[in-house]
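Novice: sharing a sequence plus its predicted fold:
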Amino acid sequence: MSRRISWWGRAVCAAAISLCAASLGYAETLAFDDGQCHIVNEPVYADMTLDYGVVNVPGTYVDMLAGSSAVSIRTYHNAVLDFAGSTNTDIVAHGSSTVTLLAGGHTNFGLAAHDDAVLNLLGGTVGEGVVLDGSAIGCLDGATVMYDMVIRDSASLEIKSGAIGANAGSFPWGLYVDGSSAVAVSGGSIASHCVVRGISVVSLSGGVIGGDLQVYDSGTMYLEGTGFTVTANGVTTSLLPGDRLSDYGQYVDPYGQGGDHWSGVVSGTLADGTALTCLFAIFDKSPVDGQGLPDIVVVPEPGTLGLLAVCGLAILRRRKA
């Protein structure tokens, strides 16, 4: 759930708006920390901070319009940034701040959210990768991420539309989930691998996966849809709700040390109607202490686990709003 300020809210605070033009010169850092609303409509030749060292309730709001730019941007505490401009480097959100990347927005480097920050990727392009860690919350719904998306610690992410790993020609960029994170994928595209580690959970109910499905440690991946099969050792087996892919894959021993992972090809139709055909690998040699083995599971009832994952993210989002 975005914490963006409405257009009506912008009008109410119009008296507090500051228009930042090139006349600001080449200051090292431009700080917005007054708890007011600001519009940036031209290039700023400096790094930019929002509420650095200052706690405002509500936080300072900055709307960077198309044609605006900064060297880099850091947001803190309760600050809110709507971004349709560009940066020479990156944007990093700290504390409980919110960053929304809009259509036309562009970062030359990456974008990151730490602590309890919220990151909404609703359009535009991230020139490199995206990292969510701590208890950060993210939503990919229309933006293009050129490299990886890394979700770790206890962060959470919804993927509704957009693209991950769009620069796939240079490297197999994909989605990497670690720690105790939660990700719900209902659309969009992932150019390469979808990897789950730690005790994280990923629910796939839609979208296009261009690479392997890999699960390590005590991670779990749920497949929501119909008509799933596993092909391994030349045998194709139809799966029922609740089936685990490790029960039907081939146990691979590439190093002659007693086995390494379960492998095969899973095919079926995800809940959004997208056809899925992927290699899978389930590495069961290093489960997290006190946790179960990793696996990929066909959900018992279509819609149930995906809905629970999305509802869980929504609950966290409301708690942090």
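Specialist: Looks like it came in fine.
Novice: what segments of the stretch 1-150 of the chain are helices?
Specialist: 7-12 (DSSP state H, counting those that start in this stretch).
Novice: next one: phi and psi at residue 33?
Specialist: phi -150, psi 30 (degrees, to the nearest 10).
Novice: in this structure it contacts residue 56, no?
Specialist: Yes. Using Cβ atoms under 8 Å as the test, residue 33 is close enough to residue 56 to be in contact (7.3 Å). Backbone N, C-alpha and C define where each C-beta goes, glycine included.
Novice: quick check: bridge partners of residue 252?
Specialist: When assigned by DSSP bridges, residue 252 has beta-bridge partners residue 261.
Novice: touching, it and residue 260? I think so.
Specialist: Yes. If you go by Cβ under 8 Å, residue 252 and residue 260 touch, sitting 5.5 Å apart.
Novice: can you mark which positions in stretch 246-265 are buried?
Specialist: 246, 248, 249, 252, 260, 261, 262, 263, 264 (16 or more other Cβ atoms under 10 Å).
Novice: least confident of those residues?
Specialist: Here the lowest pLDDT out of those sits on residue 260, with 77.
Novice: report the contact partners of that one.
Specialist: 252, 253, 254, 283, 285 (Cβ atoms under 8 Å, 6 or more residues apart in numbering).
Novice: ditto for residue 32
Specialist: Residues in contact with residue 32 (Cβ under 8 Å, 6+ apart) are 38, 48, 49, 50, 51, 60, 62, 79.
Novice: which of the residues you listed lies closest to residue 276?
Specialist: The closest of the contacts of residue 32 to residue 276 turns out to be residue 79 (Cβ to Cβ; 39.7 Å).
Novice: can I get the buried residues of stretch 246-265 in JSON lines including distance to residue 239?
Specialist: JSON lines is the format used below for those (distance: Cβ to Cβ, whole Å):
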{"residue": "246", "distance to residue 239": "12"}
{"residue": "248", "distance to residue 239": "7"}
{"residue": "249", "distance to residue 239": "11"}
{"residue": "252", "distance to residue 239": "20"}
{"residue": "260", "distance to residue 239": "23"}
{"residue": "261", "distance to residue 239": "19"}
{"residue": "262", "distance to residue 239": "14"}
{"residue": "263", "distance to residue 239": "16"}
{"residue": "264", "distance to residue 239": "11"}
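Novice: identify the farthest-apart pair in the residues you listed.
Specialist: 248 and 260 (17.1 Å).
Novice: next one, pLDDT for residue 172 please.
Specialist: Confidence at residue 172, expressed as pLDDT, is 80.
Novice: name the SS class of the closest residue to it other than its chain neighbours, please.
Specialist: Excluding the flanking residues, the one nearest residue 172 by Cβ to Cβ, 6 or more residues apart in numbering is residue 192, at 3.6 Å. When classified by DSSP: H, G, I helix; E, B strand; the rest coil, residue 192 comes out as coil.
Novice: right, and residue 192 touches residue 167 too?
Specialist: No. Judged on Cβ under 8 Å, residue 192 makes no contact with residue 167 at a distance of 10.7 Å.
Novice: what do these two both touch?
Specialist: With Cβ under 8 Å, 6+ apart as the test, residue 192 and residue 167 both reach residue 173.
Novice: measure residue 247 to residue 268 for me?
Specialist: Remark: distance between residue 247 and residue 268 (Cβ to Cβ, to the nearest Å) = 16 Å.
Novice: kindly report the same for residue 75.
Specialist: For residue 75, the distance to residue 268 (Cβ to Cβ) stands at 41 Å.
Novice: and if you look at residue 45?
Specialist: Using Cβ to Cβ, residue 45 is found at 53 Å from residue 268.
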